[in-house]
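J.: need coordinates for the below:
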Amino acid sequence: MNLIQRPRRLRNGSVLRSMVRETRISADTLIYPMFVIEGTNIKEEIATMPGQYRWSIDRMDEILQELTDAGVKSVLLFGIPKKKDEIGSSAWAEDGIVQQAIRHIKQQFPQLYVITDVCMCEYTSHGHCGILCGHSVDNDQTLEVLAKTALSHVQAGADMVAPSDMMDGRVGKIRAILDENGFSNTPIMSYSVKYASAFYGPFRDAAGSAPAFGDRKGYQMDPHNLQEAIREAELDIQEGADILMVKPGMAYLDVLYALKERFPYPIATYSVSGEYAMIKAAAMAGYADEAALVCESAVCMYRAGADLLITYFAKELAQYIKEGRIG
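T.: Below you'll find the model as predicted:
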């Protein structure tokens with residue numbers, strides 16, 4: 001039998017496989033999400049996310065140095081304040097925990113690119129992502145506090161803001177307030193497509209942000225919907241978003257692909273806490289090889305269309321890239 005086409009020819013050896021690889025991954029595209037908490041001398045492991053910690057500002061240099069040494073260049077900050085109230089006022093305080101963390105990073109690790117999550121759930125006493133009117137989140141009132149929060153982050157030195165609340169019109173409101181205050185060059189990475197997902201469970205433990213009542217299905221998206229995701233992305237582009245995000249990652253690869261096919265914009269995805277916890281649990285139980293799972297899941301998200309990957313495995317992935325296990 002004379003076979004002219006033999007695809008296996010290009011799988012013969014690691015050098016050749018790397019040479020013809022279609023999906024390329026760089027540490028430059030990795031973003032590490034981290035939790036900063038008010039207080040001193042705190043490095044507190046998150047029970048539902050083994051190997052991840054809540055950091056006080058005086059202890060965070062440890063992880064920042066590890067990230068830098070590994071080749072990770074970007075972080076996404078989430079704040080955990082001591083004080084919470086109905087309107088989440090500590091979110092935009094000049095001396096808020098995220099604002100303090102930004103200043104510290106810019107002083108001690110000026111080479112790191114600092115992105116900040118803009119939402120209210122960690123700061124409100126009720127755990128919802130905005131200002132309440134009864135038991136519902138008031139969209140338009142929430143826009144005002146989101147804009148103030150984003151501005152306070154940029155004034156503290158943030159390089160980029162990432163609104164995650166899923167209020168209608170928040171990208172436009174944030175773009176306007178940044179432009180009005182001389183920050184027209186500060187980009188917005190919008191959580192354009194954020195589903196009401198069960199994969200967020202460990203994060204809510206990490207950030208202390210579980211809602212006190214009800215759920216977030218009134219503003220986060222229904223996992224059944226794809227066309228709605230496209231519409232949300234279109235609206236964010238119209239309002240001035242610079243980068244679009246899909247969250248979660250692994251379970252929504254079709255959504256990633258759909259956005260990448262339609263929009264000439266950088267696409268980020270967030271490999272969320274539940275994905276991290278599942279890989280950790282499987283590895284700790286001896287059911288699978290952790291490094292192999294981490295690499296393969298990352299490749300899947302990049303192959304589906306991600307240009308940027310927000311992941312708790314950023315440090316490990318950067319190391320695997322150096323070792324040639326992924327790339």
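J.: just give me the neighbour total for residue 2.
T.: 3 (other C-beta atoms under 10 Å). Quick note: C-beta positions are derived from backbone N, CA and C, even for glycine.
J.: are we agreed that it is in a helix?
T.: No. Residue 2 is assigned coil when assessed by DSSP: H, G, I helix; E, B strand; the rest coil, not a helix.
J.: name the nearest residue to residue 241, sequence neighbours excluded.
T.: Spatial nearest neighbour of residue 241, chain neighbours left out: residue 190 (4.1 Å); criterion: C-beta to C-beta, 6 or more residues apart in numbering.
J.: what's the following helix or strand after the helix or strand where that neighbour lies?
T.: Element membership for residue 190 (DSSP states H and E) is strand 189-194. Scanning forward in sequence from strand 189-194 by DSSP H and E, the next helix or strand is helix 201-207.
J.: which other residues reach that next one?
T.: For helix 201-207, the external contacting residues (C-beta atoms under 8 Å, 6 or more residues apart in numbering) are 35, 46-49, 52, 54, 78, 80, 121-122, 209-210, 272-274, 276-277.
J.: among those, which ones are in helices?
T.: If you go by DSSP state H, those have 273, 274, 276, 277 in helices.
J.: looking at those residues, spot the one nearest residue 84.
T.: When the ones in helices among the contacts of helix 201-207 are ranked by distance to residue 84 (C-beta to C-beta), residue 273 comes first, at 20.4 Å.
J.: tell me who's in contact with that closest one.
T.: Per C-beta under 8 Å, 6+ apart, neighbours of residue 273: 48, 49, 199, 200, 201, 202, 203, 206, 312.
J.: same question for residue 322.
T.: 27, 70, 71.
J.: what of residue 318?
T.: When contacts are counted by C-beta under 8 Å, 6+ apart, residue 318 touches 27, 30, 67, 70, 71, 72.
J.: widest-spaced pair of the residues you listed?
T.: Of all pairs drawn from the contacts of residue 318, the widest gap by C-beta to C-beta lies between 27 and 67 and measures 10.1 Å.
J.: buried among the contacts of residue 318? Make that a PyMOL selection.
T.: Typed into PyMOL, the next command selects the buried ones out of the contacts of residue 318 (criterion: 16 or more other C-beta atoms under 10 Å):
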select buried, resi 27+30+67+70+71+72
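J.: strands - which of the contacts of residue 318 land there?
T.: Among the contacts of residue 318, the ones falling in strands (DSSP state E) are residue 30.
J.: narrow the contacts of residue 318 to those in helices?
T.: Those of the contacts of residue 318 lying in helices (DSSP H): 67, 70.
J.: for the contacts of residue 318, which one is nearest residue 135?
T.: residue 30 (38.8 Å).
J.: can you tell me the closest non-neighbouring residue to the closest one?
T.: residue 314 (4.2 Å).
J.: distance of the one you found relative to residue 59?
T.: The gap separating residue 314 from residue 59 is 19 Å, by C-beta to C-beta, to the nearest Å.
J.: between these two, who's got more neighbours?
T.: The neighbour comparison of residue 314 against residue 59 (other C-beta under 10 Å) goes to residue 314, with 27 against 18.
J.: ok, now how distant is the more buried one from residue 232?
T.: Taking C-beta to C-beta, one finds residue 314 at 26 Å from residue 232.
J.: from the contacts of helix 201-207, list just the buried residues.
T.: Among those, the ones that count as buried (16+ other C-beta under 10 Å) are 35, 46, 48-49, 52, 54, 78, 80, 121-122, 209, 272-274, 276-277.
J.: can you pick out the most distant pair from the ones in helices among the contacts of helix 201-207?
T.: Within these, 274 and 276 form the most distant pair, 7.2 Å apart (C-beta to C-beta).
J.: tell me the helix or strand right after the least confident helix or strand in the chain by mean pLDDT.
T.: Counting by mean pLDDT, DSSP states H and E, the chain has its least confident helix or strand at helix 201-207, which shows a mean of 75. Going down the chain from helix 201-207, the next helix or strand is helix 227-239, by DSSP H and E.
J.: for the protein, what spans make up the strands?
T.: Using DSSP E, the strands found in the chain span residues 30-37, 43-45, 53-55, 74-80, 113-118, 132-133, 136-137, 160-163, 189-194, 243-247, 267-271, 308-311.
J.: what about the fourth one, distance to the chain center?
T.: For strand 74-80, the gap between its own C-alpha mean and the chain's C-alpha mean amounts to 9 Å (C-alpha atoms, centre = their mean, to the nearest Å).
J.: and that strand, what does it pack against?
T.: The helices and strands touching strand 74-80, judged by 3 or more C-beta pairs under 8 Å, 6 or more residues apart in numbering; DSSP states H and E, are strand 30-37, helix 97-108, strand 113-118, helix 201-207.
J.: which one of the ones you listed lies nearest to residue 147?
T.: Per C-beta to C-beta, nearest to residue 147 of the helices and strands packed on strand 74-80: strand 113-118, 8.9 Å.
J.: who does the closest one pair up with?
T.: strand 74-80 (parallel), strand 160-163 (parallel) (DSSP bridges).
J.: hmm, back to that, which one of the ones in helices among the contacts of helix 201-207 is nearest residue 303?
T.: residue 276 (19.6 Å).
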